[in-house]
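I would like to see how this sequence folds:
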Amino acid sequence: MGPPSDERIFRREVDTNGDNPAVEVATAVADIEGTDPTKLATMYECVDGMLDELFSTPPADEAQMEVTFSYASYRITVEQDGFAEFVKLETA
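Residues are numbered from 1 along each chain as shown. Predicted structure coming up:
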């Protein structure tokens with residue numbers, strides 16, 4: 001399997017000072033998919049507060065910390081600076 005094509009890669013920014021970054025990520029997925037966020041599964045089981053931790057007590061900038069996980073047919077990487085990449089997974 002080669003690298004993902006540009007048609008399957010989406011970039012967004014998550015507010016690092018926001019109250020609930022997981023909701024922001026789910027809202028971004030809903031926006032990309034053109035659906036209502038309430039129709040998506042909860043993110044709690046996917047990231048279990050890891051995004052909150054990434055932004056509330058971030059490591060030093062040199063760490064370049066990121067959290068990568070799968071959610072709603074996307075492989076999502078959220079960096080400690082708030083940039084997020086959503087790669088649509090191929091379905092069989």
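
neighbouring contacts of stretch 42-57?
14, 16-18, 20-23, 25-26, 65, 67, 69-71, 78, 80, 82 (C-beta atoms under 8 Å, 6 or more residues apart in numbering). Bear in mind the C-beta positions are built from the backbone N, C-alpha and C, glycine included.

How many residues are close by Gly34?
6 (other C-beta atoms under 10 Å).

what's the answer for Gln80, then?
A count of neighbours around Gln80, defined by other C-beta under 10 Å, yields 17.

Likewise for Glu62?
6.

now Leu54
21.

what about it, which helix or strand?
Assigned by DSSP states H and E, Leu54 belongs to helix 50-56.

buried residues in that helix?
Across helix 50-56, burial judged by 16 or more other C-beta atoms under 10 Å covers Leu51, Leu54, Phe55.

what about Val78, distance to Glu13?
Using C-beta to C-beta, to the nearest Å, we find Val78 at a distance of 10 Å from Glu13.

give me the beta-bridge partners of Glu79?
With DSSP bridges as the criterion, the beta-bridge partners of Glu79 are Glu66.

Check whether it really touches Gln64, as I assumed.
Yes - look at Glu79 against Gln64 with C-beta atoms under 8 Å: they come within range, at 7.3 Å.

of the two, who's got more company?
Glu79 (17 against 10).

Find the least confident helix or strand in this structure, judged by mean pLDDT.
Scoring the helices and strands of the chain by mean pLDDT, DSSP states H and E places helix 44-47 at the bottom, with a mean of 80.
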